[in-house]
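Chemist: coords below, sequence missing:
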């Protein structure tokens, strides 16, 4: 069993820095830092070069912020399974979504790991290197969710 945790986003755009912030925290926890089956990585954005690393893992967890909406107000926490997007052609683009990157990984390496997106709805994507107060307040619950999910993967697979 191998798990890849990918935190991505721009840490200079307030809540967009959620992914790198959370992954930095997770990687310092002994249960993750000392588990040789878990790999963590941080990136500004999802890029084609990640396909090889994704292909080497059975489970991938993408961590990012997301735009808020009336149904998903700032600070709300989300956990969703993600699948490759069969509707999009696999091309080299400047920006990938998790589903697009999974499609690319599948097309190149012929593997399809189980994948999930964990996110918090953002309050602000303005310039700044700190998370908004509402997203920061959601972090303890968000990290707890991630720890619970990761623990279940390591115990059940």
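Modeler: Looks like it came in fine. The shown structure was predicted, so the numbers you read here are calculated from the model rather than taken from an experiment.
Chemist: So for residue 58, what's the pLDDT?
Modeler: Note for residue 58: predicted pLDDT of 97.
Chemist: mind checking how far the longest helix belonging to the chain is from the chain centre?
Modeler: Longest helix in the chain, counting residues (DSSP state H): helix 133-156. Mean-position distance between helix 133-156 and its chain equals 12 Å (CA atoms, centre = their mean, to the nearest Å).
Chemist: from now on call the first residue 42
Modeler: Yep, numbering from 42; the last one is helix 174-197 now.
Chemist: Outside of it itself, list whatever touches it.
Modeler: With contacts defined as CB atoms under 8 Å, 6 or more residues apart in numbering, helix 174-197 is touched by 42, 44, 46, 56, 59, 62-63, 66-67, 70, 72-73, 76, 78-79, 100, 102, 104, 106, 115-118, 120, 157, 159, 161, 163-164, 171-172. (Each C-beta comes from the backbone N, C-alpha and C, glycine too.)
Chemist: where do the strands sit along this structure?
Modeler: Ranges of strands within the chain are 44-49, 79-84, 100-107, 118-123, 155-162, based on DSSP state E.
Chemist: can those strands go into TSV with extra columns for distance to residue 137?
Modeler: Listed next are these as TSV, based on distance: least, CB to CB, whole Å:
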stretch	distance to residue 137
strand 44-49	10
strand 79-84	10
strand 100-107	10
strand 118-123	12
strand 155-162	12
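Chemist: Got a ChimeraX select line for the buried ones in the contacts of helix 174-197?
Modeler: The following ChimeraX line selects those of those that are buried, judged by 16 or more other CB atoms under 10 Å:
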select :44,46,56,59,62,63,67,73,79,100,102,104,106,115,116,117,118,157,159,161,163,164,172
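Chemist: any idea how far residue 64 lies from residue 45?
Modeler: Distance, residue 64 to residue 45, by CB to CB, to the nearest Å: 11 Å.
Chemist: make that residue 73, sorry
Modeler: Counting by CB to CB, the gap from residue 73 to residue 45 is 12 Å.
Chemist: Overlap in contacts, those two.
Modeler: By CB under 8 Å, 6+ apart, residue 73 and residue 45 have these common neighbours: 79, 81.
Chemist: Now list whatever residues contact both of residue 64 and residue 45.
Modeler: By CB under 8 Å, 6+ apart, residue 64 and residue 45 have these common neighbours: 81-82.
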